[in-house]
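**Q** Sequence first, then the predicted structure, then my questions.
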Amino acid sequence: MGEFTMPSLGADMDEGTLVEWLVEPGAPIRRGDPVAVVETAKSTIEVECFESGTMGRPLVEPGTTVPVGTPLALIETAAGTRGKAGRARKPRKEPQGPPAPERTRPAEPAEPVRTREPVALEALGHGHVEAGPLIRHLAEEGGVDLAALRGSGPGGRVTRADIERAAAAAPTARAPTARAPRARVTPLARRRAAELGVDLSSVAGTGKDAAIRAEDVSRAASGLAGAPSPPPRTTAAVRASRPSEDQAPAMRRAIARLMSRANRDVPHYYLSTTVDMAVPMDWLHDRNRRSPMSERLLPAALLLKAAALAAHEVPELNGFWTDDRFTAGEGVHLGVAVSLRGGGLIAPVLRGADTLEVPALMSALKDLVSRARTGRLRGSEVSGATLTVTNLGDQGVETVFGVVHPPQVALVGFGRVVDRPWAVDGLLGVRPVVTVTLSADHRATDGAVGARYLTAVDRLLQNPEKL
């Protein structure tokens, strides 16, 4: 039996809040399946399980804030042995860096943590009754009053058989009739529906196996035309539906801590160059004229691909500074800075960006940005970046010098493509150009390496058909 723990989803993350379980106890799960929603200071993120097995006993209730590394649930693996295999992403102080050596189970957290023990109910005339999360779910589905049951399990624990017998003996019980399978509903979605007055039978689920999630309920509630005003929402419900607004102060504090540390601990050097974009823009316009609207590319796609290929050519800038030495990244994984509508930013990761064709990279970028701004990123998409890129061209900025995101050793900035006087072969004309900048950690590289990187970006952009 393994443990599913609160993952570290950023160098500045010390704790997280469990918002919602996406699977119920007893449900089969596969490696990579999202099993929980976690709220950090920056976003609300779906966290995947990194071991196949069966969802076991939850240890933490939704709404609970716990330190990174705290066990959230048990995962019953095929081997049936207790170990680290079922943990979600090994908690580390610097998640973007190279893998840390195996450690023993984290020490007890500094603050007390509420764990999800079997629920104790006072039965009418039967003393103390215990029922786990799955049993409570079955009782709710069968319309069984747990408080009126005497459990037949060890220590008076209510079992599945007890629920089935009670449901069959209930006065309102009737012969089963053929009906459509009942949609799965996550616990938070069920509470949200009650708060918003939403009929769950009218909600289409977008979770695994069409399960109805809290986001589905909120979406359905926002589309109810002429419906009576719902009762006031709880603080947790508001926070889950509008993470960017309510998390803004916490996000600013998290960004402040990380950037203060970066400016204090990382000796930066800065370089910039101006790239002639006439050739890549002509290629882009020609391609877009021959492509459907949904497949047209933005200049950002070419810039990101050039940044990724240049990082492959100059691996000294693609990696991490940890333990007083540089470690090259395994692959080029671009962290793309995304501004959030409620303020702040997050940098989801385009994995293997140097291996993606430009159209695929464009599609992946649009998907990441959309889900980053709606709080639907997964845990694997917010950690592990080997190089960060920021592009403020759409904001009208022509030059941007960023701050390196430790333990990374470089950050690339792109400005707006603008028309400028430009001499080509001794003739002056007006050409589209873009300013490309590099902020780098002087402990890992010197200016000559950074210059080689910017030269590679320029050269790659002059051959857009080969990107």
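**A** It's in.
**Q** Nearest residue to residue 351 in space, please, no chain neighbours.
**A** Spatial nearest neighbour of residue 351, excluding adjacent residues (CB to CB, 6 or more residues apart in numbering): residue 333 at 4.9 Å. From N, CA and C alone the C-beta is placed, and that goes for glycine too.
**Q** next one: the longest strand seen in the chain to chain centre, how far?
**A** Longest strand in the chain by number of residues, with DSSP state E as the criterion: strand 427-441. Relative to the centre of its chain, strand 427-441 is centred 33 Å away, using CA atoms, centre = their mean, to the nearest Å.
**Q** helix or strand right after that strand?
**A** helix 447-461 (DSSP states H and E).
**Q** quick one: average pLDDT of that next one?
**A** Averaged across helix 447-461, pLDDT comes to 98.
**Q** Name the residues that touch it?
**A** Where contact means CB atoms under 8 Å, 6 or more residues apart in numbering, the residues beyond helix 447-461 that reach it are 269, 271-273, 275, 277, 279-280, 302-303, 305-307, 309-311, 313-314, 316-317, 410, 412, 436, 438, 440, 466-467.
**Q** Can you list which of the residues you listed are found in helices?
**A** Secondary structure from DSSP state H places 279, 280, 302, 303, 305, 306, 307, 309, 310, 311, 313 of these in helices.
**Q** Out of the residues you listed, which is nearest to residue 427?
**A** residue 279 (16.0 Å; CB to CB).
**Q** Would you map out the domains in the chain?
**A** As recorded under automatic domain parsing, the domains making up the chain are 1-117, 120-169, 187-241, 248-466.
**Q** Mean neighbour count for those - can I get that in JSON lines?
**A** Converted to JSON lines, the domains of the chain look like this (neighbours: other CB atoms under 10 Å):
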{"stretch": "domain 1-117", "mean neighbour count": "19"}
{"stretch": "domain 120-169", "mean neighbour count": "16"}
{"stretch": "domain 187-241", "mean neighbour count": "16"}
{"stretch": "domain 248-466", "mean neighbour count": "18"}
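**Q** Wasn't residue 35 part of a helix?
**A** No - secondary structure of residue 35 (DSSP: H, G, I helix; E, B strand; the rest coil): strand, not part of a helix.
**Q** What pLDDT does the model give it?
**A** 89.
**Q** Also residue 150?
**A** 72.
**Q** One more: residue 30?
**A** 88.
**Q** so where do the helices sit in the stretch 251-400 of the chain?
**A** 278-289, 299-313, 358-373 (DSSP state H, counting those that start in this stretch).
**Q** Lowest average pLDDT across these?
**A** When I compare the helices of the stretch 251-400 of the chain, helix 358-373 is least confident, with a mean of 92.
**Q** which helices and strands does that helix pack with?
**A** Applying 3 or more CB pairs under 8 Å, 6 or more residues apart in numbering; DSSP states H and E, one finds that helix 358-373 makes contact with helix 299-313, strand 334-336, strand 338-339, strand 349-350.
**Q** quick one: contacts of it?
**A** Applying CB under 8 Å, 6+ apart, the contact partners of helix 358-373 are 43, 244, 295, 297-298, 300-302, 304-305, 336, 338, 340-341, 346, 348, 350, 353, 356, 377, 381, 467.
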